[in-house]
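Undergrad: return a 3D structure for these sequence lines:
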Amino acid sequence: MLAELVISTDTLLSMVQLEAYAEKEVQRQKDVVLAREFHVGEQQTQISTRMKQFLQPSEDFPEFRLNVTANIVRAIMERLIVSGFDAPEEPVIEWSWDWWKRNKLDALQTELYEAVFRDGEYFVIIDVDPVTNASRATLHQRYTSLDYNGDGYGCWMAYKDDDHNQEALYAVKLWYEAEVNAERRNVYYPGEVIKQQRQKNIDAWETIETVPWTDGDGEPLGIAVIHFKNHDLRCEAWDAFPLQMAINKSLIDLMLNSDMSAFRIYKALGFVPTTDGGPLKSDRSNLLQIEPGTVVGTTKSASDSDFDAIAGEELTPQMDLTHQLILWLATVTNTPVSRFISTKLIASDETLKEQEAPLLSRVTSAQIMLGNAWEDCLKLASKLEVVYSNETVPEIDEIETMWDVPYSRGQVERLDLQLKKQQLGIPRRQLWREMGYNNKQIEKMEMDLQEQEDAERVDGRGEDGSSEEGGS
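TA: Okay, here's the model as predicted:
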């Protein structure tokens, strides 16, 4: 693992620091692999041979589980939709939205958000298309080594003092290239990109190319990898994993008890039931295997034989436990219970609002973090096109990501609040901004309103200029 680390020429680390960094990186990769497994339902459930007969009939059949952790990630992801960009200059807004659509990010953003909250981080590489000379965005997952059941592909980023809230030092993209039968990596520094490779079972990396990454004045363009981060680079569903395992165990126990109760166990007194009605053979080959619909008879008299069913177990307590575990999972992760459980009982609007408030707070926080990353993407993309493209491209100094407002059950209450603010005399431009509209949309709405007001004034007067109602 130490051989995979890249140390900047400006960063001198002691051997102790190197080993600590390597150990932390190994643990990080293992955590990401575990998070991905839980997200897709690979949760190592254990079921008996009989349960496998109808719950997992073949090796290719999906593992039996009740995967609720994926809902925690998707509860946030589904509420994150970029609606546009805002900036003081109109050309910046138009170019940014055109770049967004050109890179098909209106569709790819969902994949990115799911990965960010699943793994804790994700990456977008901004470079130049060699054919069109236009800037482009390429999505990359977090790197995980094959040594830890990862896929050996992806990116990671190094920071000053190993603190992701400080200045980024460099980024690394690693992958395996079958054509040359070697592992490849690009190391992205602010002013250059170093391309390297190494053959199998060899620790040393060979530099095959160094590409300058500077503008027309020779100034560094900045690291070409933009880091999209969750808080503390943490999987959003991490705290739910132990409860997920408990839910799976409870569900398996419920299925087992259900099977035992539906398929009754019988007790025979005074005789041993056999398939041929004769005595039990020494090899027990004629022992009767009870199945639904089986009729058991005996020639013994009623006074010296008996055959009764053992009562099945009540399933309600087991179902209640599974239900309670899901409630605890929702509580631990601040996710609305309605994401996991459907019930005939209808909660009050106030209760639903209370349940969704923490989720909406997390969504708002996510919009700030992810919005900053998208803005970094746009600023770097515009720099590249100024250098490499023949098109007129506005340089971006200030830009803001606009999001669809994460309305949920509190939408009516939010609109009521906007109306009350309007009654208090707050300017409508301010209210529109609070509702998520950008400057371009606001200008268009104001023009439409002005045209409507002008038309109403004209319609309200006669051809001679007097009021149609007879007034002058």
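Undergrad: and for the helix or strand hosting Trp95, what's in contact with it?
TA: Assigned by DSSP states H and E, Trp95 falls within helix 90-102. Applying CB atoms under 8 Å, 6 or more residues apart in numbering, the external contacts of helix 90-102 come out as 82, 84-87, 106, 134-135, 378, 381-382, 393-394, 396, 399, 438-440. Just so you know, the C-beta spots here come from the backbone N, C-alpha and C atoms, and that holds for glycine as well.
Undergrad: just how off-centre is the helix or strand hosting Pro242 within its chain?
TA: If you go by DSSP H and E, Pro242 is part of helix 241-262. Counting by CA atoms, centre = their mean, to the nearest Å, helix 241-262 is centred 27 Å from the centre of its parent chain.
Undergrad: in it, which residues are buried?
TA: Using 16 or more other CB atoms under 10 Å as the test for burial, helix 241-262 gives 241, 243-248, 250-252, 254-257, 259.
Undergrad: show me what that helix is packed up against.
TA: For helix 241-262, the contact count by 3 or more CB pairs under 8 Å, 6 or more residues apart in numbering; DSSP states H and E identifies helix 15-39, helix 49-55, helix 316-333 as packing neighbours.
Undergrad: what do you get if the cut-off is 10 Å, keeping everything else the same?
TA: Helices and strands touching helix 241-262, by 3 or more CB pairs under 10 Å, 6 or more residues apart in numbering; DSSP states H and E, are helix 15-39, helix 49-55, helix 69-77, helix 316-333.
Undergrad: would you list those in TSV and tack on distance to Glu206 and mean neighbour count?
TA: Formatted as TSV, the helices and strands packed on helix 241-262 follow (distance: least, CB to CB, whole Å; neighbours: other CB atoms under 10 Å):
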stretch	distance to Glu206	mean neighbour count
helix 15-39	21	16
helix 49-55	50	13
helix 69-77	39	23
helix 316-333	46	16
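Undergrad: so which of these is nearest Asn149?
TA: Of all the helices and strands packed on helix 241-262, it is helix 15-39 that lies closest to Asn149, at 5.2 Å by CB to CB.
Undergrad: which helix or which strand is home to Ile208?
TA: Counting by DSSP H and E, Ile208 is found in strand 206-212.
Undergrad: sheet-wise, list the partners of the helix or strand following that strand with their directions.
TA: Next helix or strand after strand 206-212 toward the C-terminus (DSSP H and E): strand 225-229. If you go by DSSP bridges, strand 225-229 pairs up with strand 121-128 (antiparallel).
Undergrad: can you check which helix is longest in this structure?
TA: The longest helix of the chain (DSSP state H) is helix 349-388.
Undergrad: got the angle for that one vs strand 225-229?
TA: 170 degrees (axes from the mean of the first three to the mean of the last three CA atoms, to 10 degrees).
Undergrad: enumerate the positions of helix 349-388 that are buried.
TA: Per 16+ other CB under 10 Å, helix 349-388 contains these buried residues: 352, 355-356, 359-360, 362-363, 366-367, 370-371, 373-388.
Undergrad: rounded mean pLDDT for that helix, please.
TA: Taken as a whole, helix 349-388 has a mean pLDDT of 87.
Undergrad: check the offset of it from the chain's centre.
TA: Relative to its chain's centre, helix 349-388 lies at 14 Å (CA atoms, centre = their mean).
Undergrad: go on, stretch 127-138?
TA: Taking mean C-alpha positions (CA atoms, centre = their mean), stretch 127-138 and its chain are 27 Å apart.
Undergrad: quick one: end-to-end distance for it.
TA: 8 Å (CA to CA, to the nearest Å).
Undergrad: and what of stretch 153-166?
TA: With CA to CA applied, stretch 153-166 spans 25 Å between its terminal residues.
Undergrad: so where's the stretch 151-300 of the chain shaky on pLDDT?
TA: Within the stretch 151-300 of the chain, the segments meeting pLDDT under 70 span 262-267, 290-299.
Undergrad: one step back: just the ones of the contacts of helix 90-102 in helices?
TA: Counted as lying in helices by DSSP H, out of these, are Asp106, Leu378, Ala381, Ser382, Asn439, Lys440.
Undergrad: out of these, which comes closest to Arg184?
TA: Nearest member of the ones in helices among the contacts of helix 90-102 to Arg184, counting by CB to CB, is Ala381, at 24.3 Å.
Undergrad: still on that earlier bit, what comes up buried for the strand holding Ile208?
TA: Buried residues in strand 206-212 (16+ other CB under 10 Å): none.
Undergrad: dump the C-alpha coordinates for it into CSV.
TA: Extracted in CSV, the C-alpha atoms of strand 206-212 (Å, rounded to 0.1, in the frame of the first residue of the first chain):
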residue,chain,number,x,y,z
GLU,A,206,7.7,4.7,-14.2
THR,A,207,6.9,8.3,-15.5
ILE,A,208,5.9,8.1,-19.1
GLU,A,209,4.8,11.7,-19.7
THR,A,210,4.6,15.0,-17.9
VAL,A,211,1.9,17.4,-19.2
PRO,A,212,2.0,21.1,-18.4
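Undergrad: ok, it: who's next to it in the sheet?
TA: Short version: by DSSP bridges, strand 206-212 pairs with strand 192-199 (antiparallel).
Undergrad: for the strand it pairs with, buried residues please.
TA: Buried residues in strand 192-199 (16+ other CB under 10 Å): Val193, Ile194, Gln196, Gln197, Arg198.
Undergrad: quick one: that strand to chain centroid distance?
TA: 31 Å.
Undergrad: contacts for it next, please.
TA: If you take CB atoms under 10 Å, 6 or more residues apart in numbering as the criterion, strand 192-199 is touched by 3-4, 6, 127, 170-174, 177, 180-188, 204-214, 220-221, 223-225.
Undergrad: domain ranges for the chain?
TA: The record's domain parsing of the chain by automatic domain parsing lists 2-238, 265-311, 414-461.
Undergrad: return the most buried member of these.
TA: domain 2-238 (a mean of 16; mean count of other CB atoms under 10 Å).
Undergrad: can you give the distance of that one from its chain's centre?
TA: Its chain's average C-alpha position is 13 Å from that of domain 2-238, according to CA atoms, centre = their mean.
Undergrad: do the same with stretch 381-389
TA: Distance, centroid of stretch 381-389 to centroid of chain: 31 Å (CA atoms, centre = their mean).
Undergrad: so what touches it?
TA: With contact meaning CB under 10 Å, 6+ apart, stretch 381-389 is reached by 92, 95-96, 99-100, 102-103, 124, 126-130, 132-137, 213-217, 219, 221-222, 224, 226, 391-397, 399.
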